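In: Sequence and predicted model, in that order:
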Amino acid sequence: MSLKLDGFGRVFNRFTNHLIKTIYRICCPTSLTVRPLSRKLRESTKFSGETNLTIKPVALKFLVIPMTVAVAACSSDSDNNAVDLEPPAVDPDAMVCNDADAVNLSETDAGDFSDDPASPNSWPLGAGINQLSASTESGDLDYVQFTVGNCDTLDTITVNAYSSDAGDPVAFFALQQGTSFTVTPAEAAADTSSLFGFRHFGTADIGVDVLAEAGQAPGAVGFTSPLPAGDYALWLNQTGSLSTYTFDFAVSRVAQ
Ligand SMILES: [Ca+2]
């Protein structure tokens with residue numbers, strides 16, 4: 001970025017140039033060169049270069065003009081040259097990384113998972129393989145809310161095991177973002193647009209990562225795995241015979 005300054009005396013030019021550069025450096029990450037052309041005070045102040053700015057009247061000198069030029073030049077640079085801004089500084093006190101290890105959640109230990117979408121079982125994930133095990137059948141809905149901690153990502157959800165007493169080959173799961181599930185099964189059946197992702201799973205999916213495909217479900221909000229830190233609600237459903245399932249939730253932790 002280059003600006004040419006015209007219309008000030010020597011001392012005022014130096015003062016103005018310094019202010020422009022200082023303010024510009026605060027506003028923009030790119031360098032700026034300001035070159036005075038004349039020491040003669042004129043009725044207007046002109047700047048040439050990429051921005052070709054003209055600012056009147058000169059009575060707005062000292063603070064107003066340098067600030068205007070710097071901000072205008074910054075805006076011009078941002079619009080025309082797609083300036084990459086520095087990422088916002090992260091407050092270390094506000095960003096505490098999760099340090100928990102993987103933890104399993106099962107109906108064997110916790111009892112039947114919640115049937116209430118507004119109050120699912122809570123499951124904070126840790127680094128490693130977190131296993132979710134339960135059984136479901138017609139009339140038994142399972143709702144679980146899991147949390148991916150700061151500095152963690154949920155990379156995959158792999159079907160570890162699935163079996164059905166009467167040979168029902170598939171069950172169903174869906175995801176929403178947040179701490180509760182807000183869509184009823186009937187609403188989801190009619191309109192999937194409020195679901196973050198969903199997928200059937202069953203005997204044919206042992207060893208398969210169902211997270212990635214759930215994010216590509218037609219009509220859903222959709223996502224690309226891995227999932228970042230945040231709260232997610234899981235709805236597991238089987239409209240057929242009693243089926244048991246185990247998922248492996250694989251969580252990675254970014255090195256600190
Ligand atoms: Ca259950």
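Out: Thanks, I have the structure now. Being a predicted model, the structure only gives us computed values, none of them experimental.

In: Do you have the helices of the stretch 151-256 of the chain handy? List them.
Out: 185-190, 210-214 (DSSP state H, counting those that start in this stretch).

In: Wait, G126 touches D101, no?
Out: Yes - checked against C-beta atoms under 8 Å, the pair G126 and D101 is within contact range at 4.5 Å. Using the backbone N, CA and C atoms, a C-beta is placed for each residue, glycine as well.

In: Between those two, tell me which one has more neighbours.
Out: Shown here are G126 and D101; by other C-beta atoms under 10 Å, G126 has more neighbours (19 against 12).

In: check contacts around the spatially closest residue to that one that is not a sequence neighbour.
Out: Using C-beta to C-beta, 6 or more residues apart in numbering and skipping residues adjacent in sequence, the residue nearest G126 is A100, 3.6 Å away. By C-beta atoms under 8 Å, 6 or more residues apart in numbering, A100 lies in contact with 124-127, 149.

In: Quick one: name the residues of this structure near the ion.
Out: Within the chain, the positions adjacent to the ion are 112-113, 134, 136, 140, 142 by C-beta under 5 Å from the ion.

In: and which of those residues is nearest M95?
Out: Using C-beta to C-beta, F113 comes nearest to M95 of those, at 31.4 Å.

In: what about that closest one, neighbour count?
Out: By other C-beta under 10 Å, 23 other residues sit near F113.

In: Report the contact partners of it.
Out: F113 neighbours (C-beta under 8 Å, 6+ apart): 107, 120-121, 134, 142-144, 236.

In: Can you redo the residues you listed as a markdown table, where the extra columns are secondary structure, pLDDT and neighbour count?
Out: What follows is those, written out as a markdown table (DSSP: H, G, I helix; E, B strand; the rest coil; pLDDT from 0 to 100; neighbours: other C-beta atoms under 10 Å):
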| residue | secondary structure | pLDDT | neighbour count |
| --- | --- | --- | --- |
| E107 | helix | 97 | 16 |
| P120 | coil | 97 | 22 |
| N121 | strand | 98 | 20 |
| A134 | strand | 97 | 21 |
| D142 | strand | 96 | 23 |
| Y143 | strand | 97 | 20 |
| V144 | strand | 98 | 22 |
| L236 | strand | 96 | 22 |
